[in-house]
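# Give me coordinates for this.
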Amino acid sequence: MKHKDTSRTAQIVRVSFCGIGVNILLAGFKAVIGFAANSISVLLDAVNNLSDVLSSVITVIGTKLAGKPADREHPFGHGRVEYITASVIAILVMAAGLMSMRESIIKIITPEAPSHNLISVGLIFAGVITKIFLGRFYRNRGNALNSASLTASGTDALMDAVLSTATLFSALLNVLLGWNLEGILGAVISLFILKAGYDIMHETIGHIIGIRSEADFSNHIKERVCSFPNVIGAYDLILHNYGPEAYFGSVHIEIPDDLTAREIDSLTRKIVPAIYEEYGVILTVGIYAANTDDAQSMIIREAVRRMVAEHPEIRQMHGFYADPNEKAVSFDLIFDYQAEQPETVQQEIAEALTKDFPAHRFHINIDRDFSE
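Take a look at the predicted model:
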């Protein structure tokens, strides 16, 4: 993943305007068909296309706002506006689903016979094909540009295609057999639309609250950090997402304790720009010193590893350092999120170590795994 492409905003806006034009044309065609055939499902489909126009307009506005540079009040930029935009689109999708359900129930209770013909059926079919292509176009471009709003619009368009398919099926049954299933089919499809809106909302709210970064992404960053000379390990990687392509983060690196301040500074000055250039992450680097020539420290470290291995709820031990002068030992333990009473295990390990090494003081920090 490279750093942010300056043309990304322009590309998202162009895709959105394409969708606006297509949906306006579809809404016009479907409105004419709906009134001519007295079909509530086709008219609802036309209204749904107009709501898609609104979704695209919201995407354009949200993308423009998200592209604003950082300022004093928002030093991390405005990228999360895109997630807010996607959540608004999710609300529109769910509102369309509720409206469709309401009209479908009315149609079931008080049915009105539609009057479709082969021409109206053909136009509905054309609308289905158009919506499928539009939905795939939105989603492909949304994935390529890492745009939650475009991806949400793509899901919305594909759900519209499903709704239009139900309308088409209903129209065919009406023309060929004289059956009227608009209300029942509309109710079933409304449930799918509501589910799609919920899924979009769930994902975007997760981004706003803060979710774990993708395992491949975080693992690649840690592997790259470990590729630098004198880096023994990379731990405590925390990534904060302030938009689809705006990451700030921090990481602790374990290095030999005999490096000078000048050597450490030189190392971190190499790591930071490399990670930004290759992954688009503005990274802060913290230091864990690793004992290099103290035999007693190695003995204590091995004892800690054995004790940790006896507790499957502990996922990792890192940041170990034993100060030979102060007789102080510190390290971090990462527990599984499902672990019960990690403080009890922490105390047990501390007491066991104190018993085995009474001349030393032990400080054990309970840590979290914010990334894989």
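
# can you tell me how far residue 225 sits from residue 286?
Separation of residue 225 from residue 286 (CB to CB, to the nearest Å) stands at 12 Å. (C-beta placed from N, C-alpha, C; glycine too.)

# intersection of neighbour lists for those two?
Taking CB atoms under 8 Å, 6 or more residues apart in numbering as the contact rule, residue 225 and residue 286 both touch 251, 253.

# The two: who's more crowded?
residue 225 (21 against 12; other CB atoms under 10 Å).

# if I pick that one, what's in contact with it?
Contacts of residue 225 (CB under 8 Å, 6+ apart): 231, 234, 251, 253, 271, 275.

# Tell me, please, where in the chain the pLDDT is lower than the cut-off.
Across the chain, the ranges flagged by pLDDT under 70 are 1-6, 37-42, 44-45, 111-120, 174-175, 178-182, 244-245, 372.

# What separation is there between residue 36 and residue 69?
51 Å.

# Thought residue 34 was touching residue 123, still the case?
No - the pair residue 123 and residue 34 does not pass the contact test of CB atoms under 8 Å, sitting 10.5 Å apart.

# Comparing the two, which shows the higher neighbour count?
residue 34 (22 against 18).

# Now for residue 256, how many residues are close by?
So residue 256, with other CB under 10 Å, has 14 neighbours.

# Contacts only, for it.
230, 232, 289, 290, 292.

# who's it bridged to?
For residue 256, the beta-bridge partners are residue 290 (DSSP bridges).

# any idea how far it is from residue 263?
9 Å.

# about what we covered before: can you lay out the contacts of residue 225 as TSV showing distance to residue 7 and secondary structure?
As requested, those are exported to TSV (distance: CB to CB, whole Å; DSSP: H, G, I helix; E, B strand; the rest coil):
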residue	distance to residue 7	secondary structure
231	35	coil
234	32	strand
251	30	strand
253	34	strand
271	29	helix
275	23	helix
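
# wait, which of these is closest to residue 162?
Nearest to residue 162 among the contacts of residue 225, counting by CB to CB, is residue 275 at 42.5 Å.

# The closest one reaches residue 220, doesn't it?
No - Residue 275 is beyond contact range of residue 220, at 10.0 Å (criterion: CB under 8 Å).

# So for those two, which sits in the more crowded spot?
Counted by other CB under 10 Å, residue 275 and residue 220 do not tie: residue 275 has more neighbours, with 20 against 14.
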